[in-house]
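**Student:** Prediction below, plus the sequence it came from.
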Amino acid sequence: MTGGIAHDFNNLLTVIIGNLELLEMTETGDKSKALISDALGAAELGADLTSRLMVFSRKSTLRPEAIDLHDTVEQSMALLKRTIAAHCLVETSLSDHLWQIKADPMQLQTAILNLALNAQDAMPDGGRMFIEARNVVVDDKYVAQDVDVSLGDYVRLSVSDTGQGMTSESRQRALEPFFTTKPIGKGTGLGLSMVYGFVRQSGGHVTIYSELGQGTTVSLYFPALAGGPAAREAPDTATTQVSLTAGERLVLVVEDDPAVRRLSEARIVELGFKCIGAASGDEAAEIIETRDDIALVFTDLVMPGKLSGYDLAKLVAAQKPQVKILLTSGFSEGMLRDGRIGSEFVILRKPYRQSDLAKAIRAIFGDA
Ligand SMILES: Nc1ncnc2c1ncn2[C@@H]1O[C@H](COP(=O)(O)OP(=O)(O)OP(=O)(O)O)[C@@H](O)[C@H]1O
Ligand SMILES: [Mg+2]
């Protein structure tokens, strides 16, 4: 059905674009020319949207090429500059030596536009948007499970916003075609489902991390054409062991999602520590107050209740300075640096490798 509508729509757009081009040739006034050019630009975006709809419904017409994300993001930014509202500040941060990926450049650009427009819609009162790209090595069963990709080298493109975030129902359904929370005429609910279709066809995966009232990070994982051995850390078996004295140390894992908490506890135990859990910052604060055998508090940043992970970290630092702190979050790096969270604590971005966890903990205990 979608393919059929897209096809008819494309015919209409062909007529619109053709007429606009004729007008553009005959019109001489600068002002009208600018208006026509804007209308043409929008109609061409419309044509691109329909081509995405057709990709979505027929799984064809993708023209994958080797892509350097620097170029694609730059091109998208050029388009975005004019369309993104002034009260949304956009920041980009791309690693210098990004691996190349193989994808359709037009689709990638429209995917970025889609994510950026979603971010903008989520921030009606303004806010910040972060577009980031990093090389990511998935050589760890935890990360592979979390992201739902096979082991290998990926480039991760994340678009984050400090907007309203999603409920857990919205987050779970966001990738479904026609799922939208926007009023009729404002959203079709196709944006993310098309992004998802495109990324899957490119061999990658999409993850969504979102917290109500805090913001959202949507990440696209693309398989790298060739990961660089220079950029890759040697898989080092020693990195999964923290220290010989780990077994005497007790770690308090603070995380509201029970499944994630169980997994985090298992990972900490795998590193050789003893471990207990708490489901909120408030519960953790009580535990910390009543016992003094806790060596490290490993806490999620955003949790329900009075105390966020950051509040908890500040409280612990002030009241029990001997207790070490490690924060973790699913938001992207730029988002995490965005003022709300001070740089005084180490923050591990989810999904993290077991070796990243080991490294962070070792550094915190000073036995690196
Ligand atoms: N950055 C975001 N912040 C908060 N909610 C989001 C964000 N991105 C997507 N969503 C939620 O997911 C839903 C589906 O997004 P999707 O892009 O597929 O459709 P849409 O934006 O509603 O419509 P369209 O993309 O056609 O304009 C949105 O309606 C919204 O509820
Ligand atoms: Mg959208």
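**Tutor:** Received it, and whenever you're ready, just let me know what you need. Since we're looking at a predicted model, the values are computed, not measured. Numbers count the residues shown, from 1 in each chain. Ligands and ions are numbered 1, 2, ... in the order given.
**Student:** neighbours around the residue of the chain found nearest ligand 1, how many?
**Tutor:** The minimum distance from the chain to ligand 1, using C-beta to the nearest ligand atom, falls at residue 191 (2.4 Å). C-beta here means a position set from N, CA and C on the backbone, and glycine is covered the same way. Residue 191 is flanked by 24 other residues according to other C-beta atoms under 10 Å.
**Student:** I'd say it and residue 113 touch.
**Tutor:** No: Residue 191 lies out of contact with residue 113 (C-beta atoms under 8 Å); the separation is 9.0 Å.
**Student:** what helices or strands is the helix ranked longest in the chain leaning on?
**Tutor:** Taking DSSP state H as the criterion, the chain has its longest helix at helix 30-58. Counting contacts by 3 or more C-beta pairs under 8 Å, 6 or more residues apart in numbering; DSSP states H and E, helix 30-58 packs against helix 2-26, helix 105-121, helix 191-201.
**Student:** Those residues of the stretch 51-200 of the chain touching ligand 2, which are they?
**Tutor:** 118, 191 (C-beta under 5 Å from the ion).
**Student:** where along the stretch 51-200 of the chain do the helices fall?
**Tutor:** Assignment of helices within the stretch 51-200 of the chain using DSSP state H, counting those that start in this stretch yields the ranges 69-83, 105-121, 141-147, 168-173, 191-201.
**Student:** and these as CSV, adding distance to residue 15?
**Tutor:** Below are the helices of the stretch 51-200 of the chain laid out as CSV (distance: least, C-beta to C-beta, whole Å):
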stretch, distance to residue 15
helix 69-83, 24
helix 105-121, 22
helix 141-147, 43
helix 168-173, 35
helix 191-201, 24
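**Student:** Switch those over to a markdown table; also include distance to residue 210 and mean pLDDT.
**Tutor:** Output for the helices of the stretch 51-200 of the chain, formatted as a markdown table (distance: least, C-beta to C-beta, whole Å; pLDDT from 0 to 100):
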| stretch | distance to residue 210 | mean pLDDT |
| --- | --- | --- |
| helix 69-83 | 21 | 86 |
| helix 105-121 | 11 | 91 |
| helix 141-147 | 15 | 83 |
| helix 168-173 | 5 | 95 |
| helix 191-201 | 12 | 92 |
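**Student:** The longest helix of the chain and ligand 1 in contact?
**Tutor:** No: if you take C-beta under 6 Å from any ligand atom as the test, helix 30-58 misses ligand 1, and the best it gets is 8.7 Å.
**Student:** what mean pLDDT does that helix have?
**Tutor:** Averaging pLDDT along helix 30-58 gives 81.
**Student:** contacting residues for whatever residue of the stretch 1-150 of the chain ends up closest to ligand 2?
**Tutor:** Closest contact between the stretch 1-150 of the chain and ligand 2, by C-beta to the ion, is at residue 118 (4.3 Å). The contact partners of residue 118, by C-beta atoms under 8 Å, 6 or more residues apart in numbering, come to 159, 161, 191-192, 216, 218.
**Student:** From residue 158, how far out is it?
**Tutor:** 13 Å (C-beta to C-beta, to the nearest Å).
**Student:** so what sits against both of those two?
**Tutor:** Common neighbours of residue 118 and residue 158 (C-beta under 8 Å, 6+ apart) are residue 218.
**Student:** who's residue 252 bridged to?
**Tutor:** residue 276, residue 297 (DSSP bridges).
**Student:** Verify the stated contact: it with residue 298.
**Tutor:** Yes: if you go by C-beta under 8 Å, residue 252 and residue 298 touch, sitting 7.0 Å apart.
**Student:** so how many other residues sit close to residue 102?
**Tutor:** Based on other C-beta under 10 Å, the number of other residues close to residue 102 is 15.
**Student:** who's in contact with it?
**Tutor:** Residue 102 neighbours (C-beta under 8 Å, 6+ apart): 64-67, 202-203, 222-223, 225.
**Student:** Would you mind checking these for buried ones?
**Tutor:** 67, 202-203, 222-223 (16 or more other C-beta atoms under 10 Å).
**Student:** For those residues, which two are the farthest from each other?
**Tutor:** 67 and 203 (13.0 Å; C-beta to C-beta).
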